[in-house]
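*Asks:* Below: sequence and its predicted model.
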Amino acid sequence: MYREFFGLNKEPFSLTPDTRFFLDSGPFKDALETLLIAIDNGEGFIKVTGEVGTGKTLLCRKLLNTVSENIITCYIPNPNISSKTLTVSIANELGIKFPVSANEYSLQQLITEKLMAYYQDNKKIILCIDEAQAMPDKTLEALRLLTNLETEQSKLLQVILFGQPELDEKLKSRHLRQFRQRVSFSINLCRLDMDTMIAYLSCRLMIAGYRGGELLPMASLKLLHRYSRGIPRLINLIMHKALILAYGKGQRQLSPAIMKQAIADTEDAYAEQNQSSNRLKIVLSVLFIIVTAVSVYFWAYL
């Protein structure tokens, strides 16, 4: 609705993980470079964690599009599966043909043969697993056993786990300590600070073709950063709604009033706003009780 009005050739704040909008600076660039270094070093397990909406899936897609031609990539978006289904998924990703009746052991043998063939052809195999916090413990253990496949020089299969902070909590369990000790690189995607958020907005608007004047005054930027909490997905949601509102009002700048409307219409951001308000009310109530108690004390004893 607003693309022509703002001179855009595509939506800059879509929620789909479009790698064209990857911010090649700050924490995202650091995370991608660390992943590439870890892959080059032949590390077995690599873990990437971050809160919901911090850009893990986009980073994963960017990595899959960035690796060199001698790297074979496999991708599992939903790991809430049994160990047998995981083995079947990996076999499918590697292009292995097998009978429907094949059991888990025979599938593992076929996978081993395929991995050895790739190794002899000087190719690396990377398995990326998204939403890894949802993977059952037994499936995690089966994955660990699968990565025991190695030569004297390197692993035959490298695994990158992308997950929410619950993945870290899961791996603290004593029965998963062997798995935890296999993780050689851990990357945490943090929320964006104000400067990085501004770079993030500028990057997306520029790629979308925006060539207009100042779109967001500082007051609007402060509101956006406060109520998005620096979470890219919330930033995208609020910005998309703010652009629609500005278009509807015929305004070419996202004023603080428009930003407040967009925030109020975004459930997660508005919930935080209400929580902040409730915390203020609690603090004021406590202060009132303290002041009242002190007043009563002085009135009674002085």
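*Replies:* Happy to help now that I have it.

*Asks:* Every contact and neighbour count from this point should use C-alpha atoms.
*Replies:* Will do.

*Asks:* State the distance from the residue nearest to Leu167 when sequence neighbours are not counted to Tyr75.
*Replies:* Once flanking residues are discounted, Leu167 sits nearest to Gln133: 4.3 Å by Cα to Cα, 6 or more residues apart in numbering. From Gln133 across to Tyr75, the span is 15 Å (Cα to Cα, to the nearest Å).

*Asks:* same thing with Thr266?
*Replies:* 31 Å.

*Asks:* and if you look at Arg61?
*Replies:* With distances taken as Cα to Cα, Arg61 is found 9 Å from Tyr75.

*Asks:* now do Met1
*Replies:* For Met1, the distance to Tyr75 - Cα to Cα - is 34 Å.

*Asks:* Those two: which is more packed in?
*Replies:* The neighbour comparison of Met1 against Tyr75 (other Cα atoms under 10 Å) goes to Tyr75, with 17 against 10.

*Asks:* Can you name the residues bridging to that one?
*Replies:* Listed beta-bridge partners, Tyr75: Cys128 (assigned using DSSP bridges).

*Asks:* How about the contacts made by it?
*Replies:* Tyr75 makes contact with 93, 127-130, according to Cα atoms under 8 Å, 6 or more residues apart in numbering.

*Asks:* rewinding a little: looks to me like the residue nearest to Leu167 is in a strand.
*Replies:* No. With DSSP: H, G, I helix; E, B strand; the rest coil as the criterion, Gln133 is assigned helix and is not in a strand.

*Asks:* my guess is it meets Thr139, correct?
*Replies:* No. Contact criterion Cα atoms under 8 Å: Gln133 and Thr139 do not qualify, at 11.4 Å.

*Asks:* so where do the helices sit in the stretch 101-250 of the chain?
*Replies:* Here the stretch 101-250 of the chain has its helices, by DSSP state H, counting those that start in this stretch, at 104-120, 137-146, 166-171, 177-182, 194-207, 218-228, 232-249.

*Asks:* Among those helices, which comes closest to Phe45?
*Replies:* For Phe45, the closest of the helices of the stretch 101-250 of the chain is helix 177-182, at 6.0 Å, according to Cα to Cα.

*Asks:* picking up where we left off before, so between Gln133 and Thr139, which is more surrounded?
*Replies:* Neighbour totals were compared for Gln133 and Thr139, and Gln133 leads with 23 against 19 (other Cα under 10 Å).

*Asks:* Report the separation between the more buried one and Pro27.
*Replies:* 22 Å.

*Asks:* before we move on, the earlier item: closest to Leu245 out of the contacts of Tyr75?
*Replies:* Nearest to Leu245 among the contacts of Tyr75, with distances taken as Cα to Cα, is Asp130, at 34.0 Å.

*Asks:* quick one, what contacts the residue positioned nearest the centre of the chain?
*Replies:* Taking Cα atoms, centre = their mean, the centroid of the chain lies closest to Lys56, which sits 2.4 Å from it. Contacts for Lys56 (Cα under 8 Å, 6+ apart) come out as 48-50, 162-163, 189.

*Asks:* Recalculate using a threshold of 10 Å.
*Replies:* Contact analysis of Lys56 by Cα atoms under 10 Å, 6 or more residues apart in numbering lists 17, 28, 31, 48-50, 62, 130-131, 161-164, 188-189.

*Asks:* count of neighbours near the closest residue to Thr266 other than its chain neighbours?
*Replies:* Excluding its sequence neighbours, the residue lying closest to Thr266 (Cα to Cα, 6+ apart) is Ile238, at 6.6 Å. When neighbours are counted by other Cα under 10 Å, Ile238 registers 25.

*Asks:* May I ask you to confirm that Ile238 is in contact with Ile263?
*Replies:* Yes. Ile238 is in contact with Ile263 according to Cα atoms under 10 Å; the separation is 6.0 Å.

*Asks:* list the residues that contact both of these two?
*Replies:* Here Ile238 and Ile263 share the contacting residues 224, 227-228, 269, scored by Cα under 10 Å, 6+ apart.

*Asks:* Closest one of the contacts of Lys56 to Tyr200?
*Replies:* Nearest to Tyr200 among the contacts of Lys56, counting by Cα to Cα, is Phe28 at 10.2 Å.

*Asks:* All set now, cheers.
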